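# just need the structure, nothing else, for what follows:
(one chain, ligands or ions: 2)
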Amino acid sequence: MPNQYQEAIENSNIVSKTDIDGIITFVNDEFCNIFGYEKEELMGKNHNIIRHPDVPSSNFEELWDIIKRQKKPYKSTVKNLTKDKKTVYLNTTITPILNENNEIKEFIAIRYDVTKEVELKKNLEQKDKELKALNETLEQRVIEQTKQLQELNSTLEQRVLEEIKKNEEKQKILFWQSRMASLGQMLANIAHQWRQPLTELNLTMFNINKASRKCCNNEKVLEYYEEGKFIIKNMSKTIDDFTNFFAPNKPSEPFFLNDSINESLEILKKLILRENITIRTSFEKLKVIGISNELSQVLINLIQNANDAFNQHKITNKKIIIKTYKTEDDFAVIELKDNALGIPLEYIDKIFEPYFTTKHSSSGTGLGLFMSRLIIEKSLNGNIDVRNYDEGSIFTIKIPIWKKS
Ligand SMILES: Nc1ncnc2c1ncn2[C@@H]1O[C@H](COP(=O)(O)OP(=O)(O)OP(=O)(O)O)[C@@H](O)[C@H]1O
Ligand SMILES: [Mg+2]
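Numbers count the residues shown, from 1 in each chain. Ligands and ions are numbered 1, 2, ... in the order given. Okay, here's the model as predicted:
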């Protein structure tokens, strides 16, 4: 090779030569610069001094096969190690130099540094990988978040519905309580205004009696007088009873079930007589906690409903059986059984819903059983249920038995 060419190559490339066994016979300055060795350190050493431990030995087998057996140039980007253990990447061409007999005389290796490019490429690949991974996790996260949001959305809807329902029930209780309170107020007013005339009437009758005795001593007059007095006394008592019954804000306290049931029978006494209903009762002495009048109100609703059903079906031997007993798990049970032919199965599940009625709007609002259920569940902490039997229906109320703590 003419000297000038050699110089040109040596100036721009990393050049080394080895003998046929790979022993270094020449290195240029660029070679020393990049690998950090002095020329003297390299001369006579095996070329594998710059071998990188990462490079598999199969690569060298291939290299030797090409340059030694096939006697062809070998081209590759090779990972090498410098003296101070730094990694460099070199684009390498190793060419066997042959003599006239086509035998290998030596090898010349021309290299140039591509470390920066390789590292840049590796960096890019790494970034690409990270980006892909990020993309994947991002997708995954979007899916998860969407799922969570959807779940939240559906439970939110459910929760809103539940809250609305609770609110509606609260409103109904409030409405009912205020209705009760105003009824009580009204009755108190009536009672107040009735008492005076009743006293006057009593006095007038006393005078009639007195007068009649003076003139004719009529036995009949006396009899009427006594009867009149009895009626007036009863009217007065009824008003007292009602006023007491509807008094608002009664405290919750332990009471006997039978007292509460008897109270409702007392209030409905007239109706029971008029409608000719036979009532049979069998009570165990059981105490629960709550407001006795509210439970009476429930019993009144149930009896009135039975009476409506008796009339609707023109039942002649009207019977209502009311039983109370205790369960093994400490519940007090009230069973109210009528023989009014029962509740049609197509709406037996709906009768406790607000405004459900099969009656004409003038005779039923459909709130009776709804309110009854509210009282039993919210005020007495129990439950109410209904089932049919062959002659009618049976309403069952279950309330926890009160225990002295
Ligand atoms: N003992 C019963 N036998 C047959 N049907 C009954 C009986 N009790 C209730 N029902 C049915 O259940 C419906 C709902 O009763 P609920 O007491 O809630 O309302 P209502 O009696 O119609 O009206 P109100 O608000 O005046 O009480 C009744 O309309 C009736 O069809
Ligand atoms: Mg009713």
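
# and the strands in the stretch 1-150 of the chain?
14-19, 24-27, 74-81, 87-98, 104-113 (DSSP state E, counting those that start in this stretch).

# the fourth one pairs with which strands, and in what direction?
Right, the one you point to is strand 87-98. strand 74-81 (antiparallel), strand 104-113 (antiparallel) (DSSP bridges).

# hmm, back to that, of all the strands of the stretch 1-150 of the chain, which one comes closest to ligand 2?
Counting by Cβ to the ion, ligand 2 lies closest to strand 87-98 out of these; the figure is 93.3 Å. Where C-beta positions appear, they are placed from N, C-alpha and C, glycine not excepted.

# hmm, back to that, can you redo the strands of the stretch 1-150 of the chain as TSV with mean neighbour count, mean pLDDT and distance to E125?
As requested, the strands of the stretch 1-150 of the chain are exported to TSV (neighbours: other Cβ atoms under 10 Å; pLDDT from 0 to 100; distance: least, Cβ to Cβ, whole Å):
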stretch	mean neighbour count	mean pLDDT	distance to E125
strand 14-19	20	94	26
strand 24-27	19	94	33
strand 74-81	17	94	15
strand 87-98	18	94	14
strand 104-113	18	94	20
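
# ok, which of the ones you listed comes nearest L174?
strand 87-98 (82.5 Å; Cβ to Cβ).

# could you tell me the angle between that closest one and strand 14-19?
50 degrees (axes from the mean of the first three to the mean of the last three Cα atoms, to 10 degrees).

# contacting residues around strand 87-98?
14, 34-35, 52, 63, 67-68, 71-82, 104-115, 117-119 (Cβ atoms under 8 Å, 6 or more residues apart in numbering).

# thinking G368 is in contact with A306, fair?
No - counting by Cβ atoms under 8 Å, G368 does not reach A306; the two are 11.4 Å apart.

# give me the more crowded residue out of the two.
A count of neighbours by other Cβ atoms under 10 Å puts A306 above the other of G368 and A306, at 25 against 22.

# pull the distance from the helix or strand where the more buried one lies to the chain's centre.
Using DSSP states H and E, A306 maps to helix 292-312. Chain-centre distance of helix 292-312: 37 Å, with Cα atoms, centre = their mean, to the nearest Å.

# now stretch 327-337
That offset, for stretch 327-337, works out to 33 Å (Cα atoms, centre = their mean).

# stretch 273-292 now?
That offset, for stretch 273-292, works out to 41 Å (Cα atoms, centre = their mean).

# for the record, mean pLDDT for that stretch?
The predicted model assigns stretch 273-292 a mean pLDDT of 95.

# and E335, which of the three is it?
strand (DSSP: H, G, I helix; E, B strand; the rest coil).
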